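A.B. asks: Give me the fold of what follows.
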Amino acid sequence: MSTVAFIGGGNMAGALIGGLLQSGRPASSILVVEPVEAQRVKLLQTFGVVALPAAAPALSQAGIVVWAVKPQLFKEAAAPCAGRVSQALQLSVMAGIPSEAIVRATGSEAVVRAMPNTPALIGQGIAGLYARPAVTEAQKAEVQALLAPTGRTLWVQQEADLDAVTALSGSGPAYVFYVVEAMMAAAEKMGLSTEQGRELALATVAGAAALAQQSDESPAVLRERVTSKGGTTYAALTSLEKDGVRDAFVRALQAAQARARELGDEFGKA
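C.D. replies: Numbers count the residues shown, from 1 in each chain. Down below sits the predicted model:
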């Protein structure tokens with residue numbers, strides 16, 4: 001069994017490592033390069049994997065290298081690894097780093113970019129995936145198996161589509177939390193306690209999402225079924241439409257997409 005090497009041992013790496021161990025992969029076949037001592041100790045205590053402070057010859061045994069460092073640290077982290085990982089499949093969970101930059105840094109054309117989101121930490125995420133032409137179907141299957149414990153995956157055909165994925169699902173949990181915050185604030189204004197507002201808001205968001213997942217009908221139809229003309233839901237939605245919330249939300253996601261594109265251009269030139 002070839003080694004899976006992680007460059008960076010933060011939360012996302014931890015979620016993937018936990019999933020690999022649960023699927024039966026031995027801890028001895030997982031290597032993590034993590035310069036922060038406290039994080040290395042945590043990885044050793046939690047998972048029992050091999051945790052190193054810096055790149056080492058053992059990296060040359062890796063069949064897959066998972067890049068899980070902060071994007072601004074990629075160039076620094078990749079330099080000492082370059083001569084040791086060129087034969088491996090490269091899987092990046094870094095936001096904004098173009099696949100071409102990973103090719104230049106590693107010497108490997110076999111690069112898959114993943115855009116996960118934070119619910120991956122509890123196995124409820126979704127990751128957008130893009131594979132360069134050199135990636136084989138078998139390697140794609142390896143990537144899907146590696147990411148499976150974190151949630152669902154969705155392949156896109158063009159790397160530029162990852163900017164839209166970033167705006168929609170990568171940043172998406174923050175939008176949901178924003179709505180929950182607003183619902184909780186409204187609950188307090190209407191006389192409910194903070195805890196009551198939190199419980200009602202979270203249960204409503206979770207239940208509505210679950211219903212939409214299980215239904216064959218569109219969200220628009222589901223919304224219409226809750227909305228009686230002249231009723232309470234109608235009053236709320238009419239207010240939202242009057243304030244231009246739908247259009248503002250669309251513009252917000254487009255702004256996130258544009259920023260993702262800008263970051264890709266910046267990192268690509270670095």
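A.B. asks: Strands of this protein, residue ranges please.
C.D. replies: The residue ranges that make up the strands of the chain, judged by DSSP state E, are 3-7, 30-33, 50-52, 62-67, 89-92, 111-115, 125-131, 151-155.
A.B. asks: Adding distance to Met183 and mean neighbour count, write those strands out as CSV.
C.D. replies: C-beta: built from backbone N, CA, C; applies to glycine. Formatted as CSV, the strands of the chain follow (distance: least, CB to CB, whole Å; neighbours: other CB atoms under 10 Å):
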stretch, distance to Met183, mean neighbour count
strand 3-7, 37, 25
strand 30-33, 39, 23
strand 50-52, 42, 18
strand 62-67, 37, 24
strand 89-92, 35, 27
strand 111-115, 27, 26
strand 125-131, 23, 22
strand 151-155, 24, 15
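A.B. asks: got a list of what Gln124 touches?
C.D. replies: In this structure, Gln124 makes contact with Gly151, judged by CB atoms under 8 Å, 6 or more residues apart in numbering.
A.B. asks: Next, it: phi, psi?
C.D. replies: Backbone torsions for Gln124, taken as degrees, to the nearest 10, come to phi -120, psi 20.
A.B. asks: about what we covered before: so can I have a markdown table of the strands of the chain showing mean pLDDT?
C.D. replies: Putting the strands of the chain into a markdown table (pLDDT from 0 to 100) gives the following:
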| stretch | mean pLDDT |
| --- | --- |
| strand 3-7 | 96 |
| strand 30-33 | 96 |
| strand 50-52 | 93 |
| strand 62-67 | 96 |
| strand 89-92 | 98 |
| strand 111-115 | 97 |
| strand 125-131 | 97 |
| strand 151-155 | 96 |
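A.B. asks: Which among the ones you listed is found nearest to Asp265?
C.D. replies: Between Asp265 and the strands of the chain, the shortest separation by CB to CB is 15.1 Å, and it involves strand 111-115.
A.B. asks: Can you tell me what sits against that closest one?
C.D. replies: So strand 111-115 is contacted by 89-93, 95, 97, 99, 102-103, 127-132, 134-135, 139-140, 143, 147, 153, 159, 162, 165-166, 169-170 (CB under 8 Å, 6+ apart).
A.B. asks: Point to the residue nearest the middle of this protein.
C.D. replies: With distances taken as CA atoms, centre = their mean, Pro116 lies nearest the centre of the chain, 1.5 Å away.
A.B. asks: how about it, what does it touch?
C.D. replies: Contacts for Pro116 were tallied using CB under 8 Å, 6+ apart; they are Met12, Val93, Gly125, Ile126, Ala127, Leu147, Thr150, Gly151, Gly170.
A.B. asks: My understanding was that Trp155 contacts Leu129; is that so?
C.D. replies: Yes. Taking CB atoms under 8 Å as the definition, Trp155 is a contact partner of Leu129 at 4.9 Å.
A.B. asks: Please identify every residue contacting each of these two.
C.D. replies: Lys140.
A.B. asks: quick one, phi/psi of the residue nearest to the centre of the chain?
C.D. replies: Residue torsions, per degrees, to the nearest 10, at Pro116 are phi -90, psi 180.
A.B. asks: just for this structure, where's the confidence low?
C.D. replies: Scanning the chain for pLDDT under 70 picks out the ranges 1, 270.
A.B. asks: All the helices of it, in order from the start?
C.D. replies: Across the chain, reading from the start of the chain, the helices by DSSP state H fall at 11-22, 37-47, 74-78, 99-106, 137-147, 161-165, 172-189, 194-214, 219-226, 232-242, 245-269.
A.B. asks: Need the residues that contact the first one.
C.D. replies: Just to be clear, that refers to helix 11-22. By CB under 8 Å, 6+ apart, the list of residues contacting helix 11-22 reads 4, 6, 27, 30, 32, 43, 46-47, 49, 66, 68, 93, 116, 120-121, 123, 146-150.
A.B. asks: Okay, angle between it and strand 62-67 too, please.
C.D. replies: Between the axes of helix 11-22 and strand 62-67, defined by axes from the mean of the first three to the mean of the last three CA atoms, to 10 degrees, the angle is 150 degrees.
A.B. asks: For helix 11-22, output the C-alpha coordinates as PDB.
C.D. replies: Taking Å, rounded to 0.1, in the frame of the first residue of the first chain, the C-alpha atoms of helix 11-22 are listed here in PDB:
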ATOM      1  CA  ASN A  11      -8.600  20.700  10.400                       C
ATOM      2  CA  MET A  12      -9.300  19.600   6.800                       C
ATOM      3  CA  ALA A  13      -6.300  17.200   6.800                       C
ATOM      4  CA  GLY A  14      -7.600  15.800  10.100                       C
ATOM      5  CA  ALA A  15     -11.000  15.200   8.700                       C
ATOM      6  CA  LEU A  16      -9.500  13.300   5.700                       C
ATOM      7  CA  ILE A  17      -7.000  11.300   7.900                       C
ATOM      8  CA  GLY A  18      -9.900  10.300  10.200                       C
ATOM      9  CA  GLY A  19     -11.800   9.000   7.200                       C
ATOM     10  CA  LEU A  20      -8.900   7.100   5.800                       C
ATOM     11  CA  LEU A  21      -8.400   5.300   9.200                       C
ATOM     12  CA  GLN A  22     -12.100   4.500   9.500                       C
END
